[in-house]
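K.L.:
Task: produce atomic coordinates for the following.
(one chain, ligands or ions: 1)
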Amino acid sequence: MDKHACRACRGSSGHLVLDLGEQPACDYFPRSDDPGPDPVYPLQMWLCSSCGLAQLLADPTVPEEPRGTEPAALVAQAADAVARVGAAGLLPGGAVVAEYGSPHGGSWLGLLAGRGLGTAVPGGQADVILDCFGLMHAADQGRALAERAARVAPGGVLLLQYHALSTIIACRQWNALRHGHYAYYSTTALTAMLAAVGFAPRTAWQFDLYGGTVLLAAARDGDRGDGPDETIRSLLAADARAGVRDPGAFSGLQRDVRGHAKALHDWLAQERAAGREAIGYGAASRAVALLCQAHVDRGLLPAVVDASPAKQGLRMPGTDIPVAGPALLAERQPAAVLVFVPDLMAEVRDAYPQVEAAGGRWVDVAALGSASLQQDA
Ligand SMILES: [Zn+2]
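P.N.:
Numbering: from 1, shown residues only. Okay, the predicted model is just below:
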């Protein structure tokens, strides 16, 4: 294999910091009657020693995940974010916006139109260039950021929203690593990437989404007088505490891969031995790596329920577990529903009261891992 060149700065010096081995493409949900085996690809995170960007090492070309229903948590966060950025004066009525969206959905354009912002012509400059989880999907990070920066009109602002690497490290979210997500940003690395295109961060807002999400506002050097504000300085300090540039800080993630997988397998086996049926909820990409690492099959987990009609009739990649519609919850009255997307917990408990009414309980899959790790510690 050729030596890896950093997706942002092209540097060749770096460390493999997280290795999940060979994994199926989590975006490719085969039909439930497709016997497999599904193709697998190495899934590894590499940390650039030069610019500090954590990134996907190998680059298999994989098809996109069918767009699911947008979680209410994501919709609420978008409204919150637009209100906060607006309150800071960065979304004036009459300004022009261009959005780089995520292939998984979640556009802010409707909210921005509601505030009186107009939409830029395709490829044209805009006062506000907004990227909400879009940039991470670009294999060539340097080029993708340069393209966005070039489209910021004089005096304009670049808004970048990302799931913070410090969160991934601190909350041990190893299954945030997935094919198709090429970069895992720290504010530190993003500051270096922005500097390479003549931009600097000015301010930021933090959200609880995914355990810790940052929306960063950057402007062209010399365009706005102010340097980075207190929020940026505290994010950089938090990065330093988490060790986002230190390969050693990632060792906990690698340990958790085994710990979390074992905790899940043990818990499912225990439930089965006790005669209690457990069903999964949330056929999300992040569930794929966990189920594969834990070697879970339909004997342990008979189905994963998902509200998205696009996923009906499919199965979880790398396993024989079918994806089922929400009607299954009423049909089977499971003793436990294992939620693979913690951000969905409040929403699904509200949406399916019949689970608890029938004596079932909702279980956060992330809590299984942390409980077992606390016991280990
Ligand atoms: Zn780099």
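K.L.:
Val96: neighbour count?
P.N.:
17 (other C-beta atoms under 10 Å). Just so you know, the C-beta spots here come from the backbone N, C-alpha and C atoms, and that holds for glycine as well.
K.L.:
residue contacts, it?
P.N.:
The contact partners of Val96, by C-beta atoms under 8 Å, 6 or more residues apart in numbering, come to 117-120, 125-128, 153.
K.L.:
try 7 Å
P.N.:
With contacts taken as C-beta atoms under 7 Å, 6 or more residues apart in numbering, Val96 has the following neighbours: 117-118, 120, 126-127.
K.L.:
can you check Val244 too?
P.N.:
Taking C-beta under 7 Å, 6+ apart as the contact definition, Val244 lies against 52, 165-166, 169, 186, 188.
K.L.:
excluding its backbone neighbours, what's nearest it?
P.N.:
Taking C-beta to C-beta, 6 or more residues apart in numbering, and ignoring the residues beside it in sequence, Val244 has Ser186 as its nearest neighbour in space, at 3.8 Å.
K.L.:
these two touch, right, that neighbour and Ile169?
P.N.:
No. In this structure, Ser186 sits apart from Ile169 without contact. The criterion is C-beta atoms under 7 Å, and the distance is 9.0 Å.
K.L.:
and these two? which has more neighbours close in?
P.N.:
Comparing Ser186 with Ile169 by other C-beta under 10 Å, the one with more neighbours is Ser186, at 29 against 23.
K.L.:
per-residue pLDDT, that one?
P.N.:
Ser186 is assigned 98 on the pLDDT scale.
K.L.:
With Leu74 as the reference, measure out to it.
P.N.:
Taking C-beta to C-beta, to the nearest Å as the criterion, Ser186 is separated from Leu74 by 22 Å.
K.L.:
just Gly243 next, same as before
P.N.:
The spacing between Gly243 and Leu74, counted by C-beta to C-beta, is 29 Å.
K.L.:
Could you report the neighbour count for the closest residue to Gly198 other than its chain neighbours?
P.N.:
In this structure, Gly198 finds its nearest non-sequential neighbour in Asp221, 5.2 Å apart by C-beta to C-beta, 6+ apart. Using other C-beta under 10 Å, Asp221 has 12 other residues around it.
K.L.:
cool, and Pro103?
P.N.:
The tally of other residues near Pro103 (other C-beta under 10 Å) stands at 13.
K.L.:
now do Gly180
P.N.:
Burial of Gly180, expressed as a neighbour count using other C-beta under 10 Å, amounts to 22.
K.L.:
pretty sure Trp362 is in a strand, no?
P.N.:
Yes. For Trp362, which was evaluated using DSSP: H, G, I helix; E, B strand; the rest coil, the result is membership in a strand.
K.L.:
start at 31 instead
P.N.:
That works, and once the first residue is 31, the last one we named lands at Trp392.
K.L.:
Pull the contacting residues for it.
P.N.:
Contacts here follow C-beta under 7 Å, 6+ apart; on that basis Trp392 touches 367, 369, 375, 378-379, 385.
K.L.:
got it, and Asp259?
P.N.:
232-233.
K.L.:
which parts of the stretch 281-407 of the chain sit against the ion?
P.N.:
Nowhere does the stretch 281-407 of the chain come near the ion, counting by C-beta under 5 Å from the ion.
K.L.:
Show me where this protein has its helices.
P.N.:
Chain-ordered helices for the chain, with DSSP state H as the definition, fall at 102-117, 139-144, 171-180, 195-200, 217-226, 260-272, 281-303, 315-323, 357-362, 375-381, 383-387, 395-406.
K.L.:
got TSV for the contacts of Val274, with distance to Arg40 too?
P.N.:
Output for the contacts of Val274, formatted as TSV (distance: C-beta to C-beta, whole Å):
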residue	distance to Arg40
Gly82	14
Leu195	20
Ser196	25
Ile199	25
Ser216	19
Thr218	18
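K.L.:
what does the stretch 31-180 of the chain put close to the ion?
P.N.:
For the stretch 31-180 of the chain, the residues in contact with the ion (C-beta under 5 Å from the ion) are 36, 38-39, 41, 78, 80-81, 83.
K.L.:
By neighbour count, which of the residues you listed wins?
P.N.:
Leu83 (29 neighbours).
K.L.:
now it: how far from Gly144?
P.N.:
Relative to Gly144, Leu83 is positioned 34 Å away (C-beta to C-beta).
K.L.:
residues touching the residue of the stretch 81-230 of the chain found nearest the ion, list them.
P.N.:
Residue nearest to the ion within the stretch 81-230 of the chain (C-beta to the ion): Cys81, separated by 3.3 Å. Counting by C-beta under 7 Å, 6+ apart, Cys81 touches 36, 38-39, 41, 219, 222-223.
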